[in-house]
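*Asks:* missing the sequence, but the structure's below:
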């Protein structure tokens, strides 16, 4: 993928995140598991989450924020969260986004880097763009409680 192509995808993802923040309630669910199934169920979600975390840990723009993080727990919590948000049977057992990120001084640039890394991970696992966009739409409302600086 070219740098220009990645930049365009990042801009689209960032725009989608921002535009949906105001219009979707937090943790909105559709009442069915179509998105969950499209993501490959818990096995598919876990696979791209593992790649996502590895990409984040290699991303010099944001990896310092994760230096003291229990990576196994992060993988587990992200899998739970994505599973629940996509209509799967999981229940997210972590703290609220505001509580989890309150002292991290996350900027929009950090948030956008994370969104880009998530897209890269999903592409690596051949998640169709339309399915990626649906998951991103579910995650978009989290920008406000996460970005604090």
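*Replies:* All right, it came through fine. Note that the coordinates shown come from a computational prediction; the quantities given were computed from them, not determined experimentally.
*Asks:* so which strand or helix has the closest residue in space to residue 65 that isn't next to it in sequence?
*Replies:* Spatial nearest neighbour of residue 65, excluding adjacent residues (C-beta to C-beta, 6 or more residues apart in numbering): residue 104 at 5.8 Å. No exception for glycine: its C-beta is placed from N, CA and C like everyone else's. Using DSSP states H and E, residue 104 sits within no helix or strand.
*Asks:* I'd assumed residue 64 was in contact with residue 104.
*Replies:* No. Residue 104 is not in contact with residue 64 according to C-beta atoms under 8 Å; the separation is 10.3 Å.
*Asks:* ok, those two, which is more surrounded?
*Replies:* Neighbours were counted for residue 104 and for residue 64 using other C-beta atoms under 10 Å; residue 104 has more, 14 against 10.
*Asks:* Got the phi and psi for the more buried one?
*Replies:* Here is the backbone geometry of residue 104 (degrees, to the nearest 10): phi -90, psi -10.
*Asks:* likewise residue 106?
*Replies:* phi -70, psi 130.
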